[in-house]
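Engineer: Take this sequence and fold it.
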Amino acid sequence: MNSHSAAILVGFLLCAGAILIAMCLIASTTHDTTEPQSVVQPKGYRLRRGWLWALAAVAIVAFGISLAGFPYGKPAEADGPHFKVFAYQYGFQMPPRIPVNTAVVFDVTSRDVNHGFGIYDPTNHLMSQVQAMPGYVNHLAVTFTAKGHYTVRCLEYCGIAHAAMQEGFDVQ
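Structural biologist: Below is the predicted model of the structure:
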């Protein structure tokens, strides 16, 4: 677990604990007397409206904090070498070798239908992905820091042999 994930988990646990304590305090202060519905209903709606706004504020703050970590909207590094990748049913046409410790850009497109272009590292963990679409080129910037054989798999169902659609390249 990286430090960002650990911080999110700790924040969630602290919020959950605070809510649990608040609920226990509310439960301990309740009385055995019953009140008519006409008295309880306005209080309930006020309380529910307050919880809604509090939850909305927390969600907006959490979204704002995590927005910087989203990869969307960041331009591909144009300084590195570009490698053309063509996806087709049921394979990929790509270079057999990629340089290590170099920012490279995959220019990914498709010849027929939509495909996914998912790069798996030598330990078989997904490290990066982008869509391959006909008539459009997506640019995927990646820096490979470890040598080895990387596998590319299609991540979007593209036909009956989708599960067998994979290719690979060596990082040297």
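
Engineer: Mind checking what secondary structure the residue nearest the centre of the chain has?
Structural biologist: By C-alpha atoms, centre = their mean, the mean C-alpha position of the chain lies nearest to residue 70, the distance being 7.6 Å. Residue 70 carries the three-state label coil when classified by DSSP: H, G, I helix; E, B strand; the rest coil.

Engineer: Which parts of this protein belong to which domain?
Structural biologist: Domain ranges of the chain: 1-30, 32-70, 82-171, per automatic domain parsing.

Engineer: Off-centre distance for the shortest one?
Structural biologist: In other words, domain 1-30. Mean-position distance between domain 1-30 and its chain equals 24 Å (C-alpha atoms, centre = their mean, to the nearest Å).

Engineer: can you give me the helices for the protein?
Structural biologist: Along the chain, counting by DSSP state H, helices occupy 3-28, 37-67.

Engineer: Export those helices as TSV, with columns for mean neighbour count and mean pLDDT.
Structural biologist: C-beta: built from backbone N, CA, C; applies to glycine. As requested, the helices of the chain are arranged in TSV below (neighbours: other C-beta atoms under 10 Å; pLDDT from 0 to 100):
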stretch	mean neighbour count	mean pLDDT
helix 3-28	10	90
helix 37-67	10	90
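
Engineer: Nearest to residue 147, out of these?
Structural biologist: Among those, helix 3-28 comes nearest to residue 147, with 26.8 Å by C-beta to C-beta.

Engineer: Helix 37-67 and the closest one, what's the angle between them?
Structural biologist: Helix 3-28 runs at 170 degrees relative to helix 37-67, counting by axes from the mean of the first three to the mean of the last three C-alpha atoms, to 10 degrees.

Engineer: which residues touch residue 13?
Structural biologist: Residues near residue 13 by C-beta atoms under 8 Å, 6 or more residues apart in numbering: none.
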